[in-house]
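Asker: Quick one: sequence and predicted model below, then my questions.
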Amino acid sequence: MDTVGWILLTLLIGLIGGLISYRLKLPAGAMLGAMLFVIVFNLISDHAYLPRDSRTVLQIFSGVLLGSRIEKKDLQTLKTIVRPSLVLIVCMVILNLIFGFAMHRIGGLDLATSLFATAPGGMTDMALIADELGASMIQVSSLQLLRLLVIFATLPAIFLRLTRRRRQPIRTGQANLQNLAAPADKTPAVQDQATTFHWKNLVLTIIVATGGGLLLWMMKINAGAMIGSMLAVSLFNIRTGKATSPRLLRFAVQCAAGAFVGQTVNRDSLAILSQLLIPMVIMVAAVFIFTAITAFSMYRLTRLDPITCLIASAPGGLQEMSLLAEDLNADPAKVVVLQTVRLMSVIILFPTILTAVSQLGV
């Protein structure tokens with residue numbers, strides 16, 4: 001089989017794995033299933049393959065997914081939560097550096113990998129940026145996956161117990177919490193997009209994203225393709241309200257990103273995963289400490305209620321945390337904006353910060 005055939009087969013296997021993961025409603029969406037299926041395929045055949053340049057394409061489309069969530073009304077809400085946003089960003093940077101250095105010193109991982117593994121961003125985004133900046137993509141994605149699993153498995157129950165102590169019974173049942181494991185796009189912004197979706201808007205969104213992504217990529221800015229795409233689409237959506245990212249596109253990007261990560265894993269790299277026991281312990285501790293410190297700081301320095309502070313501080317997915325905010329009678333609008341600030345800050349600021357720190361070789 002020629003190279004094109006192996007590329008298509010790799011993508012097909014990733015698609016099958018992503019579909020199964022999606023149907024089973026596993027954490028981390030379709031990326032997990034795609035990654036696992038391609039890993040198995042590569043271990044068996046040693047022929048899983050996606051071109052390295054496909055990373056730039058994936059970053060551009062990831063920017064589409066992120067940027068299309070930003071609407072004009074989010075800017076209006078942002079004015080009311082400037083202080084919580086600053087608290088969130090400062091805590092993220094400080095705690096990321098603390099846990100990154102701890103993982104480096106105690107866990108034995110290189111500094112760049114440790115910093116990206118503990119960064120409170122998306123699993124897909126951090127894996128793609130880590131690969132671009134010389135960190136271990138498989139280690140970063142594995143530890144980021146562990147973070148999501150810990151969040152989905154423990155934090156909803158903890159938050160639910162806290163709200164039951166403070167408030168009346170929640171208006172929606174436990175069954176809704178199970179939706180946190182599904183990669184469903186159920187935020188109001190995405191629902192609006194789903195009802196007004198047009199192929200013309202999608203084409204325009206992709207054109208805008210490609211222009212912005214390639215511009216910053218050619219300027220050799222760290223993670224420039226993703227940052228440029230996200231900023232361009234955000235501005236486009238704020239000005240026109242026409243940016244869109246349908247579920248099918250989100251699913252496809254997750255599958256392709258999972259396949260891209262999975263094809264890097266072979267028999268030799270499996271030995272690397274055996275080194276992650278101590279880093280995994282550090283990651284689990286980091287999830288709880290990060291959420292607690294950030295939420296407490298936000299609560300003491302702002303006027304937000306404690307539950308909103310907790311959910312906004314949890315480094316989970318935007319959609320999942322938004323659903324949880326609705327279930328627990330928090331303020332969903334503020335949670336959406338703060339989670340968006342967290343994600344955008346990680347994508348825009350962290351590549352430069354983490355690269356500068358890792359180059360110090362401390």
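Answerer: Arrived safely, thanks for sending.
Asker: what is the mean pLDDT for stretch 236-244?
Answerer: Per-residue confidence for stretch 236-244 averages out to 91 on the pLDDT scale.
Asker: so how far is residue 5 from the nearest residue to residue 267 once chain neighbours are set aside?
Answerer: Excluding the flanking residues, the one nearest residue 267 by CB to CB, 6 or more residues apart in numbering is residue 43, at 6.3 Å. Placement of C-beta: from N, CA and C, glycine included. Counting by CB to CB, to the nearest Å, the gap from residue 43 to residue 5 is 19 Å.
Asker: who has more neighbours, the two?
Answerer: residue 43 (15 against 11; other CB atoms under 10 Å).
Asker: residue contacts, that one?
Answerer: Residue 43 makes contacts with 265, 266, 267, 270, as judged by CB atoms under 8 Å, 6 or more residues apart in numbering.
Asker: Residue 99 too?
Answerer: Residue 99 makes contact with 118, 282, 283, 286, 289, 290, according to CB under 8 Å, 6+ apart.
Asker: Recalculate using a threshold of 6 Å.
Answerer: By CB atoms under 6 Å, 6 or more residues apart in numbering, the residues touching residue 99 are 118, 286.
Asker: separation between it and residue 311?
Answerer: Taking CB to CB as the measure, residue 99 falls 21 Å from residue 311.
Asker: got it, and residue 163?
Answerer: For residue 163, the distance to residue 311 equals 10 Å [CB to CB].
Asker: more crowded one of these two?
Answerer: A direct count of neighbours by other CB under 10 Å for residue 163 and residue 311 places residue 311 higher, at 31 against 20.
Asker: Make sure that one is actually in contact with residue 331.
Answerer: No. Between residue 311 and residue 331 there is no contact, the gap being 8.9 Å when judged by CB atoms under 6 Å.
Asker: Now for the two: what residues contact both?
Answerer: With CB under 6 Å, 6+ apart, residue 311 and residue 331 have no common neighbours.
Asker: Secondary structure element holding the residue nearest to residue 267?
Answerer: Take DSSP states H and E as the rule and residue 43 turns out to sit in helix 29-45.
Asker: Tell me how far that helix lies from the chain's centre.
Answerer: 19 Å (CA atoms, centre = their mean, to the nearest Å).
Asker: next helix or strand past it?
Answerer: With secondary structure assigned by DSSP H and E, helix 29-45 is succeeded by helix 54-67.
Asker: elements contacting the helix or strand just after that next one?
Answerer: Counting by DSSP H and E, the element after helix 54-67 in chain order, helix or strand, is helix 72-80. Counting contacts by 3 or more CB pairs under 6 Å, 6 or more residues apart in numbering; DSSP states H and E, helix 72-80 is packed against helix 332-360.
Asker: and the helix it packs on, what does it pack onto?
Answerer: Under the contact criterion of 3+ CB pairs under 6 Å, 6+ apart, helix 332-360 touches helix 72-80, helix 82-107, helix 111-118, helix 224-240, helix 306-313, helix 318-327.
Asker: distance between the longest one and the chain's centre?
Answerer: Computed by CA atoms, centre = their mean, the separation of helix 82-107 from the middle of its chain amounts to 16 Å.
Asker: buried stuff in it?
Answerer: Using 16 or more other CB atoms under 10 Å as the test for burial, helix 82-107 gives 84-85, 87-89, 91-93, 95-97, 99-104, 107.
Asker: So for it, mean pLDDT?
Answerer: When pLDDT is averaged along helix 82-107, the result is 91.
Asker: what is the orientation angle of it with helix 332-360?
Answerer: 40 degrees (axes from the mean of the first three to the mean of the last three CA atoms, to 10 degrees).
Asker: same check, this time on the fourth one
Answerer: Helix 224-240 and helix 332-360 meet at an angle of 150 degrees, taking the same axes, to 10 degrees as the criterion.
Asker: Buried ones in helix 224-240, by neighbour count?
Answerer: Across helix 224-240, burial judged by 16+ other CB under 10 Å covers 224-234, 236-238.
Asker: and the next helix or strand after that helix, which residues are buried?
Answerer: The element immediately downstream of helix 224-240 (helix or strand, assigned by DSSP H and E) is helix 247-262. Of the residues in helix 247-262, those buried by neighbour count under the rule 16+ other CB under 10 Å are 249-262.
Asker: Kindly report the same for stretch 282-296.
Answerer: Buried, per 16+ other CB under 10 Å, within stretch 282-296: 282, 283, 286, 287, 290, 291, 294, 295.
Asker: now swap in stretch 120-140 and tell me
Answerer: With the criterion 16+ other CB under 10 Å, stretch 120-140 contains buried residues 120-133, 135-140.
Asker: how about low-confidence regions in the stretch 101-250 of the chain?
Answerer: Confidence mapping of the stretch 101-250 of the chain against pLDDT under 70 gives the ranges 152-153, 164-197, 222-223.
Asker: residues contacting the spatially most central residue of the chain?
Answerer: The residue lying closest to the centre of the chain (CA atoms, centre = their mean) is residue 122, at 1.4 Å. For residue 122, no residue meets the contact criterion (CB under 6 Å, 6+ apart).
Asker: switch to 7 Å and redo it
Answerer: With contact taken as CB atoms under 7 Å, 6 or more residues apart in numbering, residue 122 is in contact with residue 343.
Asker: repeat for residue 314
Answerer: Contacts of residue 314 were listed using CB under 7 Å, 6+ apart, and they are 151, 155, 291, 321.
Asker: And it, how close does it get to residue 342?
Answerer: Spatial separation of residue 314 from residue 342 under the definition CB to CB is 10 Å.
Asker: out of everything not next to it in sequence, what's closest to residue 150?
Answerer: residue 287 (4.9 Å).
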